[in-house]
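**Q** structural data only, the sequence is not supplied:
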């Protein structure tokens, strides 16, 4: 059962990598995938999963540039990663066979970008009620979580809190950006 789950999740990661290489999605959400793998009872760190994603991404982009067949890809993979389990190689081969030809090999500006790409923003309004030094705070704050895909396609989340005056300044700056965009 665990092997089937792992194969399905590896397949999903490979498909996300191909979609990323085709600029259909901004990146591969390794944190979410890692959580799903861990939920299935398999221990792996986000860092290790990100390394796998980077290797597979490099492999797929190189294979697309060189127009490799599934057999050539498997041979190259075997030479690069000797310790890779047989079922993992089969999953990678299957995904490449099904979707590998869809990878565009054009080196456009997005693939050469050195900055991250915005994926999503979540926010929540909270109120700190009390603390050990103050019984009645009633202090409002805004928590913002940004999801950003780095240039390699790895999606990371950054969260931060703002006081209400900080949030109002943040909002004012976004309104200034919107006003400038209106003139373009």
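**A** Received the coordinates, thanks. What you are looking at is a predicted structure, and each value in this text was computed from that prediction instead of being measured. Numbers count the residues shown, from 1 in each chain.

**Q** for residue 128, see how far away the most far-flung residue of the chain relative to its centre is.
**A** Within the chain, residue 135 marks the point farthest from the mean C-alpha position, 41.6 Å out by C-alpha atoms, centre = their mean. Applying C-beta to C-beta, to the nearest Å, the value for residue 135 to residue 128 is 12 Å. Using the backbone N, CA and C atoms, a C-beta is placed for each residue, glycine as well.

**Q** cool, residue 166 as well?
**A** For residue 166, the distance to residue 128 (C-beta to C-beta) stands at 15 Å.

**Q** now do residue 50
**A** Counting by C-beta to C-beta, the gap from residue 50 to residue 128 is 34 Å.

**Q** do residue 117 as well
**A** 33 Å.

**Q** the more surrounded of the two?
**A** More crowded of residue 117 and residue 128, by other C-beta atoms under 10 Å: residue 117, with 17 against 12.

**Q** didn't the more buried one look like it was pressed against residue 146?
**A** No. Assessed by C-beta atoms under 8 Å, residue 117 is found out of contact with residue 146, at 11.3 Å.

**Q** and the next helix or strand past the least confident helix or strand in the chain by mean pLDDT?
**A** One helix or strand of the chain scores below all others by mean pLDDT, DSSP states H and E: helix 70-80, with a mean of 79. Counting by DSSP states H and E, the next helix or strand C-terminal to helix 70-80 is helix 86-99.

**Q** give me the buried positions along that next one.
**A** 88, 91-93, 95-96, 99 (16 or more other C-beta atoms under 10 Å).

**Q** dump those to JSON lines, plus distance to residue 38 and pLDDT.
**A** Below are the buried residues of helix 86-99 laid out as JSON lines (distance: C-beta to C-beta, whole Å; pLDDT from 0 to 100):
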{"residue": "88", "distance to residue 38": "17", "pLDDT": "81"}
{"residue": "91", "distance to residue 38": "19", "pLDDT": "88"}
{"residue": "92", "distance to residue 38": "21", "pLDDT": "87"}
{"residue": "93", "distance to residue 38": "26", "pLDDT": "87"}
{"residue": "95", "distance to residue 38": "22", "pLDDT": "90"}
{"residue": "96", "distance to residue 38": "26", "pLDDT": "89"}
{"residue": "99", "distance to residue 38": "26", "pLDDT": "86"}
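
**Q** of those, which is the nearest to residue 121?
**A** Taking C-beta to C-beta as the measure, residue 121 sits nearest to residue 99 out of the buried residues of helix 86-99, at 29.8 Å.

**Q** list the contacts of the residue nearest to the closest one when sequence neighbours are not counted.
**A** Of all residues not flanking residue 99 in the chain, residue 18 sits nearest, at 5.0 Å (C-beta to C-beta, 6 or more residues apart in numbering). Neighbouring residues of residue 18 by C-beta atoms under 8 Å, 6 or more residues apart in numbering: 60, 95, 99-100, 102-103.
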